[in-house]
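1. 3D model of this:
(chains A and B)
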Amino acid sequence: MSNEYRRAREQKRDALASLGVNPYAVRTPAREAVAGLKSQFEDLEAKAKTAPVAAGAQPEAPTLAGRAVAGRVLANRKMGKAVFVDVYDQTGKLQVYLNAKQVGEQAMAVYDNLDLGDFVWVRGNVQRTRTGEVTLFATELKFLTKALAVPPLPREYKDEQGNTRHATAFADVEQRYRQRYLDLMVHGDVRARFELRSKVLQGIREFLGQKGYLEVETPMLHSIPGGARARPFITHHNALHMNMYMRIAPELYLKRLLVGGFERVFEINRNFRNEGIDATHNPEFTMMELYEAYGDYHSMMEITEGLIRHAARLVRSHEKGVAPEALAPADLVFHWGEVVIDLGQPFRRARYADLLREHAGVDLHSRDAVRAKAKELGLELHDDHYKLADQLLEATALPKLVQPTFVIDYPTAICPLTKACEDNPAICERFELFVNAVEFANAFSELNEPVEQLRRFEEQVAMGLKTQDVEAPKEVDHDYVHALEAGMPPAGGLGVGIDRLCMLLTNTHTIRDVLLFPHMKREGHDQAAGAKQRARIAAETLLEELTSPELRRLPGFDQLAKQFEHLVEFSRKLLGNPHAEVVPPHSK
RNA sequence: GAACCGGUAGCUCAAUGGUAGAGCAGCGGCCUUUUAAGCCGCGGGUUCCGGGUUCGAGUCCCGGCCGGUUCACCA
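-> Model (predicted):
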């Protein structure tokens, strides 16, 4: 039985309590980080080696006396009355030697109730053992926390050639995502990747801060979803009696700030899109968006390049343990799966229409040529000419874009928020950055003409209604148009997918590996249970709506209410007679 | 949404249709500088779930759940 393990640990927990030891200690005495302690010891050794020794005198073994560390015990080697345990903290592993003579009988009684996975604090003298391991010889032991579950054990060892090897522990990909805490506990490389992710974010904030950008937070709950083309998550605000949408993009709010007088703003936060999950998509993903008054898509290209390069520097500097200034140009070469990406080189710029001509052999504006080529390639034939052209570009040119490439000058027809080029209204000032065919950034010279913006919004809504497009906006954000009427300076705007950037900079091939807690289907929750849950929420929502006075006043309400009585009755049966769950919340 | 692959002890993995095993971890014992410590002994299983075929199913068949990969869709 799996309970066997837990039972043994519970018994030890109780044994600790009867020894007068709190198995979940409240306070931890002062301590040092393992890595710092180890390097201090090595410095001491280096000094001892060069220090002159008096003739005939025995050189003393270098010792750091009375030092303490705290961490999780993940290995236990018992050697008669001597014991070696490996204590891990965030910075590394330290071997600890325990012996009744030095640490005392009481502490050894505590040790007897120690399991792998428990947390301890130890104080003692740091020395090297005869086998060469830096070791803390404990004189004090304090028990900190009992782990009732058995941890998966890290297996790191030296092979015959003396190389450090890792044996697989906790290899089930699914469980590693679901129980990321165990994955992190066991896999140092996973922790390292998330440290690098933090560096990427730090790098971006640093870079933008230096350029005078203000970091802001705009709403995550929107009453009208906008700023991108995507299906939103819908939620409901009880007190306000209104539906709300998890934001699909912060764009329209950030541009309101330009109207308000901020000239450089950025936001790093999640966007939510109700779409499928795969190697490059998670329902919530982190986006950096910035807006620069008096900028345009040219200034956005410069800042994109600078930003990515700066983040890359910080990542490499952290990996190599050297200052960013000390990095060589070759350090900005990143291996990403099969390909090698040089982020030190200036990014290529290529016109949309030129790429289409080069790789598909067609003119962007020629309906017949685009359609014929798409047909030839067996693409789904979209009615909309420029959408079809976009698919054609995606199928032909994008896979060829391995090194960072700004694809510039998009057709205006597929860019509702972008300013058209002055000399050609069919083309607009937008770019997307591709690396190895993956979209990394999207930017444009922002459309700031209220009348034109309203026209495009209305066209989108009308088109969406006509084509039953679930992703098309359902409503025009009139307040945004009002904001533009108040006057927004010419501006450049940029969005960078942070998760994908982290994938590139950490040589990772699925977005789940750069997300601490990627979304997964619920376990042990079958379709029937899921359907019941949804039905209950639907019933509750409807019941709440029925209590609203506005609805009661509408003609036909009585009939609706009567019909609903039946629905409630059936619901009760269906949901297993949970009376309490289907009683109208405000019914009187 | 489709195809393929996978799910066995706490962890990593075995097991031609024929009594479900090993290493680590656990429990008991020996060992005072080990390090994937070692040695002796002992426990440990809803083989993802539900059906079916069979004298007999971890294994074969059908359905379902969860995951991975590729494709499609999406941006």
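
2. show me what counts as buried in stretch A:302-310.
-> Within stretch A:302-310, the residues scored as buried using 16 or more other Cβ atoms under 10 Å are A:303-305, A:307-310. Glycine gets a C-beta too; all of them are placed from N, C-alpha and C.

3. run through who's touching it.
-> Residues outside stretch A:302-310 that contact it (Cβ atoms under 8 Å, 6 or more residues apart in numbering) are A:203-204, A:206-208, A:211, A:290, A:292, A:295, A:332, A:343-344, A:346-347, A:404, A:406, A:433, A:440-441, A:443, A:494, A:496, A:501.

4. what residues does stretch A:7-27 touch?
-> Residues contacting stretch A:7-27 (Cβ under 8 Å, 6+ apart): A:106, A:109-110, A:112-115, A:142-148.

5. domain parsing of chain A, as residue ranges.
-> By the assignment in automatic domain parsing, chain A contains the domains A:3-52+A:59-151, A:191-347+A:403-514, A:527-587.

6. save the ones you listed as JSON lines, and put in mean pLDDT and distance to RNA strand B too.
-> Shown next, in JSON lines, are the domains of chain A (pLDDT from 0 to 100; distance: least, Cβ to the nearest atom of the strand, whole Å):
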{"stretch": "domain A:3-52+A:59-151", "mean pLDDT": "92", "distance to RNA strand B": "2"}
{"stretch": "domain A:191-347+A:403-514", "mean pLDDT": "93", "distance to RNA strand B": "4"}
{"stretch": "domain A:527-587", "mean pLDDT": "69", "distance to RNA strand B": "5"}
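
7. out of these, deepest packed?
-> Neighbour counts (mean count of other Cβ atoms under 10 Å) averaged over each of those peak at domain A:191-347+A:403-514, with a mean of 18.

8. coming back round to it: now tabulate the contacts of stretch A:7-27 in CSV and tack on secondary structure and distance to A:T541.
-> Compiled in CSV, these are given as follows (DSSP: H, G, I helix; E, B strand; the rest coil; distance: Cβ to Cβ, whole Å):
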residue, secondary structure, distance to A:T541
A:Q106, helix, 61
A:A109, helix, 59
A:V110, helix, 55
A:D112, coil, 57
A:N113, coil, 52
A:L114, coil, 52
A:D115, coil, 48
A:K142, strand, 53
A:F143, strand, 50
A:L144, strand, 47
A:T145, strand, 43
A:K146, coil, 44
A:A147, coil, 42
A:L148, coil, 40
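
9. give me the number of residues near the closest residue to A:H382 other than its chain neighbours?
-> Nearest non-adjacent residue to A:H382, counting by Cβ to Cβ, 6 or more residues apart in numbering: A:L388, 4.3 Å away. Using other Cβ atoms under 10 Å, A:L388 has 20 other residues around it.

10. specify the local secondary structure of A:L388.
-> Classification of A:L388 by DSSP: H, G, I helix; E, B strand; the rest coil places it in helix.

11. if I look at A:A420, how far off is A:C428?
-> 5 Å (Cβ to Cβ, to the nearest Å).

12. could you do A:L465 as well?
-> The value you get for A:L465 to A:C428, if Cβ to Cβ is used, is 24 Å.

13. tell me which residues are up against stretch A:391-407.
-> A:301, A:304-305, A:308, A:339, A:341-343, A:345, A:347-352, A:355-356, A:358-360, A:362, A:370, A:373-374, A:377, A:379-380, A:382, A:431-437, A:440.

14. which of those residues fall within strands?
-> Within the contacts of stretch A:391-407, residues falling in strands by DSSP state E are A:339, A:341-342, A:348-351, A:431-435, A:440.

15. tell me the one of those residues nearest A:Y88?
-> Of all the ones in strands among the contacts of stretch A:391-407, A:Y88 sits closest to A:I341, with 33.9 Å by Cβ to Cβ.

16. quick check: closest non-adjacent residue to the closest one.
-> Of all residues beyond its chain neighbours, the one nearest A:I341 is A:F334 (4.8 Å), with distances taken as Cβ to Cβ, 6+ apart.

17. partners of the helix or strand in which that neighbour is found in the sheet?
-> Secondary-structure assignment from DSSP states H and E places A:F334 in strand A:333-336. With DSSP bridges as the test, strand A:333-336 is paired with strand A:339-342 (antiparallel).

18. kindly export the partner strand (C-alpha atoms) in CSV.
-> Taking C-alpha atoms only, strand A:339-342 is exported to CSV below (Å, rounded to 0.1, in the frame of the first residue of the first chain):
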residue,chain,number,x,y,z
VAL,A,339,18.9,25.9,-36.0
VAL,A,340,21.5,28.4,-34.9
ILE,A,341,20.2,32.0,-34.3
ASP,A,342,22.6,34.9,-34.2
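
19. what does that strand contact?
-> Under the criterion Cβ under 8 Å, 6+ apart, residues A:332-335, A:402-404, A:435-436, A:504 lie in contact with strand A:339-342.

20. now the helices: where do they sit in the stretch 51-200 of chain A?
-> Here the stretch 51-200 of chain A has its helices, by DSSP state H, counting those that start in this stretch, at A:100-103, A:105-111, A:173-178, A:180-186, A:188-210.

21. would you list the ones you listed in TSV and tack on distance to A:A323?
-> Below are those laid out as TSV (distance: least, Cβ to Cβ, whole Å):
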stretch	distance to A:A323
helix A:100-103	42
helix A:105-111	43
helix A:173-178	34
helix A:180-186	28
helix A:188-210	13
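
22. give me the beta-bridge partners of the spatially closest residue to A:V110 that is not a sequence neighbour?
-> In space, and not counting its chain neighbours, A:V110 is closest to A:F143: 5.2 Å by Cβ to Cβ, 6+ apart. Here A:F143 shows beta-bridge partners A:V120, assigned using DSSP bridges.

23. what of A:N243?
-> Judged by DSSP bridges, the bridge partners of A:N243 are A:H236.
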